[in-house]
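Student: here are the coordinates; sequence isn't available:
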């Protein structure tokens, strides 16, 4: 089955509808809609503010260096660790996980935080970075009304449930700035109104098929034609949510043709499983592949319409090099 691909992002502005989708559909792509509203360049990355439920809410921060998308801590403020791990608010179903302490540290560095340590050091040099983190990730406040703060729970390791050794990260701003991490000393069952949770979405590994129905996937780099790639829909991923404009194969964009630069992309049930897959065409001679090896792999990188990074690889065989 082949039909025209829908290139427009979903226009969903009702918060209750978005919550129901994000918390009931087991697709990461259901969680974030709308456009980028702010880009903050830093020394090593761009921190991109994006919207979640409503246009302009800025509840997502995307770090372009790591590819991680950070949920505003105010969305999980006052919830217990046990509640989050039990998926009580549906964030895990929507594809989020606890950020590790190392990932929090990398985000802080990319925001310009100079020192992030177990020792509570008030540092004037930290003010710009901590201020930026609070602006991006949300202000959960403190018992002192004149102090702003972004603070939350993080995992020591990505594969650490049931969180026997979790951490607590604290970014405070008064006339100077604190950036502290320490072992989590509270009960995982008891919430704290001034604490949220550092939840992230990472890159999604997707299934792809280079040159569908071909085995091996032979590529002649002298060929003036195209290489066909299918991004496959699976029970955990809907390939039709991928934005073809963001897709690359071996660093080459999807081919366009005609005066209107029509993109060579369509949706079709490639593997006959009853689901619609995304089919893309890439110009062969432009592929940045290594001809020195007869057997290698090629990688597709892309984003969904809502900005979720995806990547997939498949085996190829280079039969001729120009």
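Tutor: Right, received. Where do you want to start? What you see is a predicted model; the values in this text were computed from it and never measured. Numbers count the residues shown, from 1 in each chain.

Student: Quick check: phi and psi on the closest residue to residue 78 other than its chain neighbours?
Tutor: Counting by CB to CB, 6 or more residues apart in numbering, residue 78 lies nearest to residue 193, which is 4.7 Å off, once chain neighbours are set aside. C-betas here are computed from N, CA, C, even on glycine. Note on residue 193: backbone dihedrals following degrees, to the nearest 10 are phi -60, psi -20.

Student: and residue 193, what pLDDT?
Tutor: For residue 193, the model assigns a pLDDT of 94.

Student: and it, how far is that from residue 149?
Tutor: Residue 193 sits 12 Å away from residue 149 when distances are taken as CB to CB, to the nearest Å.

Student: tell me the contacts of residue 279?
Tutor: Residues in contact with residue 279 (CB atoms under 8 Å, 6 or more residues apart in numbering) are 212, 228, 229, 230, 265, 266, 267, 268, 270.

Student: give me every residue that touches the first one.
Tutor: Counting by CB under 8 Å, 6+ apart, residue 212 touches 228, 230, 270, 271, 279.

Student: now, the most widely separated pair of these?
Tutor: Among these, the pair separated by the greatest distance (CB to CB) is 228 and 271, at 13.2 Å.

Student: Looking at the contacts of residue 279, which one is closest to residue 311?
Tutor: The nearest member of the contacts of residue 279 to residue 311, counting by CB to CB, is residue 229 at 12.5 Å.

Student: Can you name every helix or strand that the helix or strand harbouring the closest one contacts?
Tutor: Secondary structure from DSSP states H and E places residue 229 in strand 226-231. Applying 3 or more CB pairs under 8 Å, 6 or more residues apart in numbering; DSSP states H and E, we find strand 226-231 packed against strand 208-210, strand 242-249, strand 277-283, strand 295-304, strand 309-320.

Student: Do a quick rundown of the strands in the stretch 1-150 of the chain.
Tutor: Using DSSP state E, counting those that start in this stretch, the strands of the stretch 1-150 of the chain run over residues 2-3, 36-41, 46-50, 60-63, 69-71, 97-98, 148-154.

Student: want to try a markdown table for these, with mean neighbour count and mean pLDDT as columns?
Tutor: A markdown table is the format used below for these (neighbours: other CB atoms under 10 Å; pLDDT from 0 to 100):
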| stretch | mean neighbour count | mean pLDDT |
| --- | --- | --- |
| strand 2-3 | 11 | 44 |
| strand 36-41 | 13 | 51 |
| strand 46-50 | 19 | 89 |
| strand 60-63 | 25 | 92 |
| strand 69-71 | 26 | 94 |
| strand 97-98 | 22 | 90 |
| strand 148-154 | 25 | 94 |
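
Student: export the ones you listed to JSON lines and tack on distance to residue 141?
Tutor: Output for the strands of the stretch 1-150 of the chain, formatted as JSON lines (distance: least, CB to CB, whole Å):
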{"stretch": "strand 2-3", "distance to residue 141": "50"}
{"stretch": "strand 36-41", "distance to residue 141": "22"}
{"stretch": "strand 46-50", "distance to residue 141": "20"}
{"stretch": "strand 60-63", "distance to residue 141": "19"}
{"stretch": "strand 69-71", "distance to residue 141": "18"}
{"stretch": "strand 97-98", "distance to residue 141": "22"}
{"stretch": "strand 148-154", "distance to residue 141": "6"}
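
Student: Out of the ones you listed, which is closest to residue 127?
Tutor: Closest of the strands of the stretch 1-150 of the chain to residue 127 is strand 148-154, at 11.1 Å (criterion: CB to CB).

Student: The closest one: how far from the chain's middle?
Tutor: 20 Å (CA atoms, centre = their mean, to the nearest Å).

Student: packing partners for that strand?
Tutor: Using 3+ CB pairs under 8 Å, 6+ apart, strand 148-154 sits against helix 101-111, helix 127-137, strand 167-173, strand 196-197.
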